[in-house]
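K.L.:
Take a look and give me a structure for this.
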Amino acid sequence: MKHTIFIVDDEESIRQALRGVLEDDGYKTAEVATGEDALKWMAEEGHRASAVLLDVWLPKMDGIEVLQNLRKTHPDIPVIVLSGHATIDTAVKATKLGAYHFVEKPFSAEHLLLTLGHALKENRLEQENTRLRKDAPPTARQIIGQSPLFLRMMDEIQSAAQSGASVLVLGENGTGKESVAHLIHEQSPRKDGPFVEVNSAAIPEELIESELFGHEAGSFTGATGRKSGKFDQAHQGTLFLDEIGDMSLKTQAKMLRVVQEQRFERVGGNKTIEVDVRVIAATNKNLEEEIRQGNFREDLYYRLAVLPIQVPPLRERVGDVPLLVNHFLAHITAAYRQKPRPIHPDAMAVLTRYHWPGNIRELRNIVERMIIMTRDPEIGVKDIPPAVTMAVSQQNGVAVSAVGPAAGLAGTYREAKEAFERAYITAQLDRHGGNISRTAEAIQMERSNLHKKMKQLGIQHE
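P.N.:
Residues are numbered from 1 along each chain as shown. Predicted coordinates for the structure are as follows:
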């Protein structure tokens with residue numbers, strides 16, 4: 001779909017030049033010559049505009065007044081301000097009022113198109129993020145549990161939420177650290193403010209400072225305009241720094257000052273910007289060990305860990321597994337528009353005994369896989385991925401039957417393994433009507449190898 005760019009300029013030659021540049025680059029255009037006509041067009045056709053190119057010097061109603069109106073009526077549409085009589089005061093004023101960027105006339109076509117492209121990309125990402133948050137079911141980030149460790153963590157979350165102090169969320173991968181951060185924000189006095197997330201491990205070292213603090217035009221190659229950083233965006237809200245243990249020492253030093261003083265400078269700038277941001281950080285690393293190894297600043301650790309919250313791994317709260325399984329069953333079947341399906345007690349027993357190295361994230365993925373792959377009205381042991389049932393057999397010394405309750409103790413590891421393989425292959429053959437080719441394809445084994453394995457295990461199947 002082509003973007004429509006709305007041009008507001010009183011000079012016909014400028015409108016013609018902009019129209020030519022934009023249409024040559026694949027954009028559609030609409031244009032008016034006055035501020036009054038601009039507001040009228042936006043009121044009637046504003047849904048068509050992907051961005052606005054707005055001249056500052058217009059007859060009667062000037063561009064600044066138009067910009068003020070557009071920020072109220074169409075805050076989601078980026079506005080790039082143009083001026084042939086640019087002053088620093090005008091540029092600052094336009095930026096404060098919400099202009100995406102300020103471009104001086106005569107403009108370079110390449111520079112204008114690059115700026116416009118950045119504006120459209122950022123706007124698309126913001127709209128997608130807003131849509132995902134709006135469409136996400138309220139149960140998507142629910143924290144489920146009733147075990148003692150879980151209840152203690154919930155008490156800590158509630159206490160932390162009412163405080164404005166920094167929080168450090170600790171825990172293994174997949175335990176739900178991000179959900180804990182969201183819950184702290186949603187229960188805090190800042191709940192109506194923004195919640196801004198940064199994954200410190202996912203951003204290249206050379207871009208992390210720009211991402212956090214923003215940058216000024218020309219501060220580095222590719223910095224065509226001023227960009228606000230995550231601290232700017234999180235003003236009067238919460239900034240969630242995930243994987244803080246992967247942040248470089250150089251960035252840690254700058255982070256310490258911002259957390260302490262709530263002020264910073266953009267990359268390439270010298271103006272001090274003051275913010276009001278509550279910081280929640282998270283990591284799966286042992287930061288005290290990272291400090292001993294010289295990888296993490298001790299002063300930053302103590303500044304972030306004013307309120308540390310430990311998220312327990314799933315293996316330490318196995319009593320919560322049935323609650324989580326049933327929660328995911330209901331949530332995922334609803335998402336796939338399927339009827340709710342129960343899980344057999346034997347299958348639940350296997351899931352409860354599993355050690356869950358991937359924690360809640362792994363549990364959810366396995367429940368989703370079982371829902372997708374199972375056509376039966378009830379989810380049974382045979383529907384659990386073999387890696388899980390095999391691991392349960394190994395860790396407990398028990399051969400888990402793929403067609404019924406867990407069997408008794410097996411004498412040796414080899415006997416337990418053979419019992420599992422025999423039960424698993426028999427169940428898969430039953431499931432595919434005894435068709436060896438379909439069974440081999442389903443379990444991703446060569447047909448000839450399946451024949452050999454059946455012979456080795458003494459499986460005779462009609």
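K.L.:
Under the pLDDT cut-off, which ranges of the protein? List them.
P.N.:
Flagging of the chain using pLDDT under 70 yields the residue ranges 1, 85-88, 128-141, 394-413, 415-416, 419-420, 423, 427, 430-431, 461-462.
K.L.:
Check it for its longest helix and report it.
P.N.:
Ranked by residue count under DSSP state H, the longest helix found in the chain is helix 109-135.
K.L.:
and the spatially most central residue of the chain, backbone torsions?
P.N.:
With the centre of the chain defined as its mean C-alpha position, the nearest residue by Cα atoms, centre = their mean is E197, 7.6 Å away. Backbone torsions for E197, taken as degrees, to the nearest 10, come to phi -110, psi 140.
K.L.:
That one and Q233: what is the separation?
P.N.:
If you measure E197 against Q233 using Cβ to Cβ, to the nearest Å, the figure is 10 Å. For every residue, glycine as well, the C-beta is placed using N, CA and C.
K.L.:
what's downstream of whichever helix or strand P322 is part of, the next helix or strand?
P.N.:
Using DSSP states H and E, P322 sits in helix 321-335. Toward the C-terminus, helix 321-335 is succeeded by helix 345-353 as the next helix or strand (DSSP H and E).
K.L.:
for that following helix, packing partners?
P.N.:
Here helix 345-353 is seen to pack against helix 321-335, helix 386-396 when contacts are counted using 3 or more Cβ pairs under 8 Å, 6 or more residues apart in numbering; DSSP states H and E.
K.L.:
can you redo those helices as TSV with distance to E172?
P.N.:
Supplementary listing: those in TSV, determined by distance: least, Cβ to Cβ, whole Å:
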stretch	distance to E172
helix 321-335	16
helix 386-396	17
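K.L.:
Any idea which of those gets closest to P308?
P.N.:
Comparing these by their distance to P308 (Cβ to Cβ), the top pick is helix 321-335, with 24.1 Å.
K.L.:
residues making contact with the closest one?
P.N.:
Under the contact criterion Cβ atoms under 8 Å, 6 or more residues apart in numbering, helix 321-335 has outside partners 137, 139-140, 142, 144-146, 314, 339-341, 343, 348, 351-352, 356, 360, 363-364, 367-368, 371, 379.
K.L.:
how about it: buried residues?
P.N.:
Neighbour-count burial for helix 321-335, with 16 or more other Cβ atoms under 10 Å as criterion, is recorded at V321, L324, V325, N326, H327, F328, L329, H331, I332, T333.
K.L.:
Same check on stretch 290-303?
P.N.:
Along stretch 290-303, the positions that meet the burial threshold by neighbour count (16+ other Cβ under 10 Å) are E290, I291, N295, F296, R297, L300, Y301, R303.
K.L.:
cool, stretch 261-276 as well?
P.N.:
Within stretch 261-276, the residues that count as buried by 16+ other Cβ under 10 Å are Q262, F264, E265, R266, V267, G269, I273, V275.
K.L.:
would you turn those residues into JSON lines with secondary structure and distance to V8?
P.N.:
Output for those, formatted as JSON lines (DSSP: H, G, I helix; E, B strand; the rest coil; distance: Cβ to Cβ, whole Å):
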{"residue": "Q262", "secondary structure": "coil", "distance to V8": "38"}
{"residue": "F264", "secondary structure": "strand", "distance to V8": "34"}
{"residue": "E265", "secondary structure": "strand", "distance to V8": "33"}
{"residue": "R266", "secondary structure": "coil", "distance to V8": "28"}
{"residue": "V267", "secondary structure": "strand", "distance to V8": "31"}
{"residue": "G269", "secondary structure": "coil", "distance to V8": "29"}
{"residue": "I273", "secondary structure": "strand", "distance to V8": "30"}
{"residue": "V275", "secondary structure": "coil", "distance to V8": "32"}
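K.L.:
got CSV for these, with distance to A165 too?
P.N.:
As requested, these are arranged in CSV below (distance: Cβ to Cβ, whole Å):
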residue, distance to A165
Q262, 13
F264, 20
E265, 25
R266, 26
V267, 28
G269, 29
I273, 22
V275, 16
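K.L.:
And the furthest pair within the buried residues of helix 321-335?
P.N.:
Between all members of the buried residues of helix 321-335, the longest pairwise span (Cβ to Cβ) is found for V321 and T333 and amounts to 18.1 Å.
K.L.:
mind checking which helix or strand the closest residue to Q428 other than its chain neighbours is in?
P.N.:
Computed as Cβ to Cβ, 6 or more residues apart in numbering, the closest residue to Q428 that is not its neighbour in sequence is T439, at 5.1 Å. T439 belongs to helix 436-442 when assigned by DSSP H and E.
K.L.:
Give me the distance from that helix to the chain's centre.
P.N.:
A distance of 38 Å separates the C-alpha centroid of helix 436-442 from that of its chain, computed with Cα atoms, centre = their mean, to the nearest Å.
K.L.:
on contacts alone, who are the packing partners of the next helix or strand after it?
P.N.:
Beyond helix 436-442 on the C-terminal side, the first helix or strand identified by DSSP H and E is helix 447-457. On a contact count with 3+ Cβ pairs under 8 Å, 6+ apart, helix 447-457 meets helix 413-431, helix 436-442.
K.L.:
Would you confirm that R303 contacts V258?
P.N.:
No: counting by Cβ atoms under 8 Å, R303 sits too far from V258 to count as a contact (10.1 Å).
K.L.:
per-domain residue ranges of the protein.
P.N.:
According to automatic domain parsing, the chain comprises the domains 4-134, 141-312, 315-457.
K.L.:
returning to what we had before: grab the nearest non-local neighbour of the residue nearest to the centre of the chain.
P.N.:
Spatially, and ignoring its direct neighbours in sequence, E197 is nearest to F240 (4.7 Å; Cβ to Cβ, 6+ apart).
K.L.:
Please apply the same query to G176.
P.N.:
Using Cβ to Cβ, 6+ apart and skipping the chain neighbours, the partner closest in space to G176 is I360 (5.3 Å).
K.L.:
was I right about the one you found contacting L314?
P.N.:
Yes: with the criterion set as Cβ under 8 Å, I360 and L314 qualify as a contacting pair; they are 5.9 Å apart.
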